[in-house]
Structure formats: C-alpha cells, structure tokens
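A.B. asks: Fold the following, please.
(2 chains)
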Amino acid sequence: MSAIVVDGVSKKFRLHTDRAHSLKELVTRRDRNAGVDQFYALDDVSLEIPEGSMYALVGHNGSGKSTLLRCIAGIYRPTTGSVKVQGRISTLLELGAGFHPDLTGRENVYMNATILGMSKKQIDGVFDEIVEFAGIGDFIDSPVKIYSSGMYVRLGFSVAIHVDPEILIIDEVIAVGDQEFQRRCFEHLFELRRRGVTIVVVTHGMDTVQTMCDRAAWLEHGVLLDEGPAPAVASKYLRQVNEHEQEHRALVSERAVAASEAADAAALLAIEEVKVIESIPSELEPAQPEVVLPPKPAEPVVLTGLRFTSAAGKPISSAVVGEPLRIEIDYLASSAVENPVFGIAVHSVSGWHVTGVNTKISHFPVGVIHGAGTVVATMNPLRLNAGEYLISIGITDPQIQHFYVDEFQGWELFVRESGELTAHGIVDLPLTWSLELDSSTPD
Amino acid sequence: MSTPAQVWSYRTLIVNLAQRELKSRYKRSLLGWMWSLINPAVTLGVYTVVFGIFFGAEAPVAGNGESQVFALWLFCGLVMWNLFSGVINTAISSFSGAGGLLTRTYFPPECPMIAGLITVVIQALLEGGILIFFMIVIGNLSFTMLLILPLFALMACFAFGVGLVLGLMNIRYRDVFYLTGIAMQVLFYATPIVYQMSILEPTAQAILRFNPLTSYVGAIRQVAYFLTFPTLGSWFVMITSAAVSLVGGWMIFSRWAPTVIEEL
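C.D. replies: Sure thing, here's the model as predicted:
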C-alpha cells in the first residue's frame, strides 16, 4: 500500500525579473511576458511512498525537495501531474510557524495544534505531554517572545509530533535543539513509525538517511536522479558530493598557484613602490603596500598509495574471509606533522557503514611524521564476509578537525569465501558457542 | 477550490485564529478593550461637532415622535459604515498577514479571512449594543431593532465578498491597498451617512441610489431610529448585493488563492 503516490509531478514557477508591481505598469507595459522567466522546480517526478515507511528526500539546496514536500502537503498545486495522499497529513515545515510572540506558550500550543488539524478535546488530552516533552516548565504561561530560541523550537517540535498524524512531513527541522533533545526526537520518530505513521523527511544528514530511513529519493534541479533503498541512494549521493568537492579543491589549488604567481609579482611591485615613497622626504606616513594573502598552502600530508596485501605483504586482488588482510597506506609528509590521525572506513556497496577505525581511537601513537612512510592496518583474521566493499581513507590533524586527506569510498575491496561458510550477513563476528547443562534437571 | 463544507471542518482553527487576533490586539495596552469603544466614540464626537454644531445639521424626528438627537441618528449610519470598512480592511490585511502560515502548512485560505470577519462582526455587535443602549436612554425603543442583526449579516456578507477579491488582488498589486483607502474616503461621502438624502438635488439623489450602501445605511436608520421597517426595495437591493458579492467573491477567491499563495 502506498500512502503517497506522486505521479509525473512538475511544478513551474514564474521568476519575476521585472514584474509589474503596480496597476499602471500592468496597463502600460506592452509585452506582458517580457521579464517573466519560468523555471521548473520539479520536472516530471514520480515516486511512491509506502505506508508506514520512513522516506528521505536528499539533494543539494534548491534541488526541489521542499517544493515536492509542499506539493505533497497540498500547499502547492502541481502544474502538471498529480499527488494522491491517503491519510491525515501533519506538516513540520518550520517550527513554531504559527507562534504569535505576544501570546503565551499555552495559547500558542492550542493555536499551533489546531493549525495542524487537532480539535480542542484532542489537544487537552496531550497538552501535558507536549509541555513535558518540550521541557518548558513554568514558562508555558509566559509570552513566547521571552523564550530562548531553543525553547521556542522545542515547543514547536513538541506540538508537531504530538498531533498524531497518519503522515508526517518534516523539512530539515530535526537538526534543532541540543543532543539530548535530538535524541528524544529520534526516539519519538521511531515510536511514530512503530505505530505505522508514514514519515517523509528532507534532510542533509546522511547518517539519518542511512540508519533511519527505508527508502530515499535523490533530486537534482527538480529531476529525480535516483530512488531506492535509503542506504544505497545516500551513498551514491555522498560519492557525488565528494567528487564535486575534489574537483572544487583541484580548481582552488590551481587558482592558488596562479594567485601566488600573481602575488609574487604584485609583492615585488609593492615593495618598489614603498621604496619610492620612503625616498620622498616627507612627514607623511608611508602608504602601506596592499596586503597580499599568501596562497593557501598545499596539505602537509598527501596520500601516495594504498594497497591491500596478504600476511606476507604481497599485494592481493581480493581478500579472503578469515585470513589476514593488511591495508597499507603510503603517505608523504612535506613538513613535520605531529600526531596525525589515520582512519579507515568500510562501507558495503549497499551503503551501510560497516566500520570506521582510526589510530586515535585505537590509541596508536603515530608520533611526528616527516617524509615518506607507510601506515599499515592489519585485520587478522578478516571478519568481513564475502562481497564487495568500499574503503575510505582519511588523514587528519590530532583533533580530527581538519582533513589533510579525505578519500571517500575511493577503493573497492573484494572479499571472497574461504570455501566454508562461517556466517551470513556482512560481518563474521568472533563468537563461540557453549552448552551449559542444568545439573538439577532429572535424567 | 475549497467548498464551504471543507472550510466548516476547520472551524476550530477559524475560532482560534479569531481568538488569537482578539487576544493579541490589545496586549500591552493600559486601556485594553476600551480602545474598541474609544475609537468610534471619538469619530462620533468629531462628526457631531462638525456637522451637527458647525454646519447646524438637524436630525429628523425619531420613531417615538419627540426625540431629535443628531448624534444618535449619525451613529446608526456610522455603525453600518464601520462594519463595511472594517470587513474590507481586515480582509486585505488578513490575507497578507496569514502568508507565513499558509506557505508552511495546508489549510483552506478562507479560514484566516473568516476569522478576520468574525473579529469585525464582534466589534459591530458591540457598537450595535451601545446604539441600542442610548436609544433606550432617550426612550426610543421598538422590536424593529431586532432587525439590526439580519442587517449586520447582510452587510457583512456584502463587504466580505468584496474584501475577498481585494485581499487577493492586494498580494499581486500593492496598489490595491492604497486605492482602497482612497475609495473608502470617496464612498463615505457618497453615502448619506453624515447628511440626509433630502438635502441633495433630485439628480444627485438618483445617483446615490445606485450605491448599495445607501440602502444599508437607510435600513438601519429605519429599524433603529425611526422604528419602522425598511422598504421592500431596499431589502431587495441588500439581499441581492449581499448574495452576488458573497458568492462571486468566494468563487474568485477559491479559484485563485492557491496560486497567489505561492507568491506570498
């Protein structure tokens, strides 16, 4: 059963570059369509959202995600195509959207909940829960304008999730509040799902998509690029984002080189000018030469190679379940780098984040590196089951804040069976069986 | 297109919107609710002084055969006029004011319009109550005054239909707001509110009869001041204008509001 069927939906918006804002212009302007650009925020999008599932919409800003949400919610009418919705919708497009600053929290809760489609009796029933969840306390009878922004948002979210919808539409609002509140939000979303509520979210948090969502759709410039199981869509999307970022970095470093050449020339000129000015006997302060920022330095550590090798250190084309696997990471440090962190992440091809390890959490002292070297991670025995995996490598500063190297899913690792199946699934966890007999049992 | 039935299912929302509007209107003001009385009182005072004293306009004799109070005769007309202009101005501001809500969640766009209408009607009922109170004071009372309620209803429908269309147009063209302000001024003096029809030349009187507001203002004076029934002719004008305006305005609004909301 599909809760929502989006069938060939296009949404055309008019971009008013030079819109007639007055009646006079409307009458006097000859070519009324001049200056009216049209663009498609959604272009022939079709998808089905199964009942009781959690569905994510991903894509860059301006890709049409929010427009699609508004079409589903009935706020926008599609230009062509149709949206069929079965069930009562509650929208969470902006928290506390209907809050009036001068009214008290209590009055606003009633107001907001009615907008979301609840009757007074229903609100009475869940009012205490709403206040409790938001953690507002005695402030509930104060005007909301004195609330902190956190309280404001918490109250808004609390109302929205207590309206008992059949379909909940959420637009990038999960990322509000502190850790504690976020955790409670997710718990509540899980609870709603258990009750069979269909949830559609727009989010940029790929963790959310991968861990919480069943299916996902990837929109780009209003076109549906991909649709399918959430982890797979999310990992495709992430890979594309990373490729873009690398292209961008390459472009930036090219520009930086060009800029540094130009800067050198400029600096020479500037110094000469300073000299000229200094040579003038004057009481005036010498004009400061324009400060030219040095080009962004290239990263001090670069990745020069990566190999999968056997226990003996021989490169292998595929690893074997249960046998040792070494991952050798070759680096080149152009200057001394203190305590860098080397990290490895393993994803399954379907997008699941199987594991992520680094030298910091393993308490492996890397020390100061300078020049070329190799960091070796040994997995003995390899606990991954047969299949295809994507390996990511990161090299960061000691605080894992700055990435010197960020190669997301840059390598494929093939793992084959050793001949005997030892476990199903992605990993073969170390495990032993035992049987303990209860001695009191009569024989 | 929202049907009245769909809108009815959102009645809790409408009531809440109206409550919010009323509650927040006089927050942080010392006199609070008194303001809704002070405003019409001052207007009434000014008009009474200017037209009743400076120009020496005289009121006709009231229904009880003896009273002749210009201020009350004027107040009848003003109450009706305030309802008319209030409904239209509120409709214009309600629609642009509800933009923040309408773009974030779905509900029929008629809801905030009706909520605005309710607040104005409450104000009109208040003024009507004061009118009746003073009529009792001067001893000018009859059961015809009960007809004030249906007259209010007809006026509200007539103004609401116009207001729906103006509110809609105002989103695209802000000129509507300014034009409405000017039109209201002209219309106020093109309706026999501060003067009697009889002071005009016959031609001007004939022209004024094309203004439906003339019938509404005349009718409330009939029932509240002269204590008689409005003529069949004015009932016809009022019922027809109210019905045409409401149905037409509603249809235009329902048809175009969802498109216009995207521009809010």
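A.B. asks: pLDDT-wise, which helix or strand of the chain ranks last?
C.D. replies: Reading this off chain A. helix A:23-28 (a mean of 60; mean pLDDT, DSSP states H and E).
A.B. asks: The chain in question should be chain B.
C.D. replies: Result, chain B / mean pLDDT, DSSP H and E: helix B:99-102, a mean of 79.
A.B. asks: ok, back up a step: after the least confident helix or strand of chain A, next one along is what?
C.D. replies: Remark: after helix A:23-28, the chain's next helix or strand is strand A:36-50, criterion DSSP states H and E.
A.B. asks: Give the pairing partners of that next one; include direction for each.
C.D. replies: Strands that pair with strand A:36-50, judged by DSSP bridges, come out as strand A:2-16 (antiparallel).
A.B. asks: Tabulate the CA atom coordinates of the strand it pairs with in PDB.
C.D. replies: Backbone C-alpha positions of strand A:2-16 (Å, rounded to 0.1, in the frame of the first residue of the first chain) are rendered in PDB as follows:
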ATOM      1  CA  SER A   2       1.300   3.400  -0.900                       C
ATOM      2  CA  ALA A   3       0.400   6.300   1.400                       C
ATOM      3  CA  ILE A   4       1.600   8.800  -1.100                       C
ATOM      4  CA  VAL A   5       1.700   8.500  -4.900                       C
ATOM      5  CA  VAL A   6       3.400  11.200  -6.800                       C
ATOM      6  CA  ASP A   7       2.600  10.800 -10.500                       C
ATOM      7  CA  GLY A   8       4.500  12.800 -13.100                       C
ATOM      8  CA  VAL A   9       4.500  16.000 -11.000                       C
ATOM      9  CA  SER A  10       6.000  19.100 -12.500                       C
ATOM     10  CA  LYS A  11       6.000  22.500 -10.800                       C
ATOM     11  CA  LYS A  12       6.600  25.600 -12.800                       C
ATOM     12  CA  PHE A  13       7.400  28.800 -11.000                       C
ATOM     13  CA  ARG A  14       7.500  32.200 -12.600                       C
ATOM     14  CA  LEU A  15      10.600  34.200 -11.900                       C
ATOM     15  CA  HIS A  16       9.500  37.800 -11.900                       C
END
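A.B. asks: Identify each buried residue in it, please.
C.D. replies: A:3-4, A:6, A:9-11, A:13 (16 or more other Cβ atoms under 10 Å in any protein chain shown). Just so you know, the C-beta spots here come from the backbone N, C-alpha and C atoms, and that holds for glycine as well.
A.B. asks: And stretch B:27-43, by the same measure?
C.D. replies: Within stretch B:27-43, the residues that count as buried by 16+ other Cβ under 10 Å are B:36, B:40.
A.B. asks: quick one: low-confidence ranges for the stretch 301-443 of chain A?
C.D. replies: A:441-443 (pLDDT under 70).
A.B. asks: Now look at stretch B:15-26 and say if it contacts chain A.
C.D. replies: Yes. Judged by Cβ under 8 Å from any Cβ of the partner chain, stretch B:15-26 and chain A are in contact via B:16-17, B:20, B:23-24.
A.B. asks: Is it possible to get TSV of those residues that adds neighbour count and pLDDT?
C.D. replies: TSV is the format used below for the residues of stretch B:15-26 next to chain A (neighbours: other Cβ atoms under 10 Å in any protein chain shown; pLDDT from 0 to 100):
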residue	neighbour count	pLDDT
B:N16	22	86
B:L17	27	87
B:R20	21	83
B:K23	15	83
B:S24	15	81
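A.B. asks: Please narrow those to those residing in helices.
C.D. replies: In helices, defined here by DSSP state H, the members of the residues of stretch B:15-26 next to chain A are B:16-17, B:20, B:23-24.
A.B. asks: burial measure for B:N64, as a count.
C.D. replies: As a burial measure, B:N64 scores 15 neighbours (other Cβ atoms under 10 Å in any protein chain shown).
A.B. asks: Can you classify it as helix, strand or coil?
C.D. replies: coil (DSSP: H, G, I helix; E, B strand; the rest coil).
A.B. asks: Do you have the helices of chain B handy? List them.
C.D. replies: Using DSSP H, helices in chain B cover B:4-8, B:11-25, B:35-47, B:70-97, B:99-102, B:110-137, B:148-172, B:175-189, B:202-208, B:212-224, B:232-261.
A.B. asks: In the stretch 151-300 of chain A, which residue sits closest to chain B?
C.D. replies: Closest to chain B within the stretch 151-300 of chain A is A:D171: 8.9 Å, counting by Cβ to the nearest Cβ.
A.B. asks: count of neighbours near that residue?
C.D. replies: 21.
A.B. asks: What residues are bridge-paired with it?
C.D. replies: For A:D171, the beta-bridge partners are A:V202 (DSSP bridges).
A.B. asks: Would you confirm that it contacts A:L93?
C.D. replies: Yes. Between A:D171 and A:L93 there is a contact under Cβ atoms under 8 Å: 4.6 Å.
A.B. asks: Give me the common contacts of those two.
C.D. replies: Contact with both A:D171 and A:L93 is made by residues A:66, A:69, according to Cβ atoms under 8 Å, 6 or more residues apart in numbering or on different chains.
A.B. asks: Give me the three-state assignment for A:A56.
C.D. replies: The local conformation at A:A56, judged by three-state DSSP, is strand.
A.B. asks: Contact partners for it?
C.D. replies: By Cβ under 8 Å, 6+ apart, the contact list for A:A56 reads A:200-203, A:208-209, A:213, A:215-217, A:230, A:233-234.
A.B. asks: Pull the most distant pair out of these.
C.D. replies: Across the contacts of A:A56, the longest distance by Cβ to Cβ is 15.5 Å; it joins A:V200 and A:A234.
A.B. asks: Which parts of the stretch 201-350 of chain A are strands?
C.D. replies: Applying DSSP state E, counting those that start in this stretch to the stretch 201-350 of chain A gives strands spanning A:215-220, A:223-229, A:301-309, A:319-320, A:325-338, A:341-348.
A.B. asks: Could you look up the SS state of A:E107?
C.D. replies: Judged by three-state DSSP, the three-state class of A:E107 is helix.
A.B. asks: ok, it - how many residues close by?
C.D. replies: The number of residues packed near A:E107 is 21, by other Cβ under 10 Å.
A.B. asks: didn't it look like it was pressed against B:R20?
C.D. replies: Yes. Contact criterion Cβ under 8 Å: A:E107 and B:R20 qualify, at 7.2 Å.
A.B. asks: okay, and the common contacts of these two?
C.D. replies: A:H100.
A.B. asks: And for A:E407, the neighbour number?
C.D. replies: A:E407, neighbours per other Cβ under 10 Å, totals 18.
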